[in-house]
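>>> Only the shape, not the letters, is given here:
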């Protein structure tokens, strides 16, 4: 997407939506409760024109039952071609996990690093996911030297797993594409064995990122099918974000937001990270509209996934934006119609 395209789209959005000057309000990040984003903010300046609609939230009756999030880039955008994706697999004997384990109480999140136990090999939680991806980026971490396979590219769907998942659970949860560096493996049978799987398809991670393109304003919800764990965050204007996730190792399940999300047209940044230790592994991202109960989850379509970055506008657009703000403010007051500064007169 060109810088000029982004600039024109943002300026036109500003011209057609600006009505009256308001004082900015500061939205709180609604990670753990209803969004409650205070109404009336539609300020234009921020980190350049790309932040033009820094949180434009209007109180609505419907919003009382939904989280509210304004897009990072409001407006209409061309169809996407998928999400940026990277996958990594580490050795099954890796013993560097920093996940804490309380052995007397048999629980995660307290005690000593699980890697101190002889059986504490492989991936156990989000901190290990972070170590793997840091190592893949060339940053020293506990997983440095442990990577066996890696993939980076743009994929048209967010729906990947291993052969063991497809063998035992695709009939219940839906089939998944194999992670890019996996080849189909022979069926193992005995799906009651939760840890059985091809040794070459265990202890792997996935990360997807980019933008989700919303074309129809309304209520949405997103869910992630996961085995073993994941985190998902959706980022809107001004860095506000909503997120869901499950750390450590969890039974196979689909988790969505506890309330719908009220979204408007534009691009929302997102990141989805997932990991699998033993047995079946899977991650997919699905959405639904106006979900109340018995939601009909469908994979987010390729055209609604935008990989990469949206170009920032050139510096000269800040001058044009300042002029538009000055003219709009003047129109909303009782002051006489302002004259254009001499440096940009039209010649009349």
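That came in fine, so what should we check first? Because the structure is a prediction, the values reported are computed rather than measured.
>>> Over to residue 172. Which of the three states is it?
State at residue 172, reduced to three classes by DSSP: H, G, I helix; E, B strand; the rest coil: helix.
>>> State the pLDDT value of it.
The confidence metric pLDDT takes the value 97 at residue 172.
>>> ditto for the one 5 residues further on
In the prediction, the pLDDT value recorded for residue 177 is 98.
>>> quick one: contacts for the residue lying closest to it once chain neighbours are set aside?
Distances taken as C-beta to C-beta, 6 or more residues apart in numbering place residue 160 nearest to residue 177, at 5.3 Å, with adjacent residues excluded. Yep, even glycine has a C-beta here, placed from its N, CA and C like the rest. Neighbour list for residue 160: 87, 176-180, 206, 282-284 [criterion: C-beta atoms under 8 Å, 6 or more residues apart in numbering].
>>> With residue 161 instead?
The neighbourhood of residue 161, defined by C-beta under 8 Å, 6+ apart, consists of 176-179, 227, 280-283.
>>> Can you tell me which of these is closest to residue 137?
Nearest to residue 137, judged by C-beta to C-beta, of the contacts of residue 161 is residue 179 at 18.9 Å.
>>> So for stretch 246-259, what gets flagged as buried?
Buried residues in stretch 246-259, defined by neighbour count with 16 or more other C-beta atoms under 10 Å: 246-249, 252, 255-257, 259.
>>> Next: stretch 89-109.
89-90, 94-97, 99-101.
>>> from those, which two are the most distant?
Within those, two members stand farthest from each other by C-beta to C-beta: 89 and 100, at 24.0 Å.
>>> thinking again about what came up before, in strands only, show me the contacts of residue 161.
Of the contacts of residue 161, the ones assigned to strands by DSSP state E are 177-178, 227, 282-283.
>>> Take those and, keeping just the buried ones, write it as a ChimeraX select command.
The buried residues among these can be selected in ChimeraX (16+ other C-beta under 10 Å) with this line:
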select :178,227,282,283
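>>> Throw the ones in strands among the contacts of residue 161 into CSV and include distance to residue 143, thanks.
Below are the ones in strands among the contacts of residue 161 laid out as CSV (distance: C-beta to C-beta, whole Å):
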residue, distance to residue 143
177, 25
178, 23
227, 21
282, 22
283, 19
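>>> Can you tell me which of the ones in strands among the contacts of residue 161 is closest to residue 111?
Nearest to residue 111 among these: residue 227, at 24.2 Å, using C-beta to C-beta.
>>> so that closest one makes contact with residue 277?
No: using C-beta atoms under 8 Å, residue 227 is not in contact with residue 277, being 9.5 Å away.
>>> picking up where we left off before, in three-state terms, label the residue nearest to residue 177 for me.
Going by three-state DSSP: residue 160 is strand.
>>> Just grab the bridge partners of it for me.
Listed by DSSP bridges, the beta-bridge partners for residue 160 are residue 177, residue 283.
>>> can you pull the buried residues of stretch 285-295?
285-288, 291, 295.
>>> Just name the lowest-scoring one in the residues you listed, pLDDT-wise.
Least confident entry in these, by pLDDT: residue 291, with 73.
>>> who's in contact with that one?
When contacts are counted by C-beta under 8 Å, 6+ apart, residue 291 touches 219, 221, 256, 260.
>>> so of these, which ones are in strands?
Reading strands off those with DSSP E, I get 219, 221, 256, 260.
>>> Who wins on neighbours among these?
Most neighbours among these, by other C-beta atoms under 10 Å: residue 260, with 23 neighbours.
>>> May I have the beta-bridge partners of the nearest residue to residue 251 once chain neighbours are set aside?
Using C-beta to C-beta, 6+ apart and skipping the chain neighbours, the partner closest in space to residue 251 is residue 227 (7.8 Å). Beta-bridge pairing for residue 227 (DSSP bridges): residue 282.
>>> again, but for residue 209
Note on residue 209: beta-bridge partners by DSSP bridges are residue 84, residue 271.
>>> thought it was touching residue 83?
Yes: counting by C-beta under 8 Å, residue 209 touches residue 83, with 6.7 Å between them.
>>> of the two, who's got more company?
residue 83 (28 against 16).
>>> Run a quick neighbour tally on residue 81.
When neighbours are defined as other C-beta under 10 Å, residue 81 has 15 of them.
>>> you'd agree it is up against residue 302?
Yes: here residue 81 reaches residue 302: they are 6.6 Å apart, a contact under C-beta under 8 Å.
>>> so what sits against both of the two?
Common neighbours of residue 81 and residue 302 are listed as residue 156 (criterion: C-beta under 8 Å, 6+ apart).
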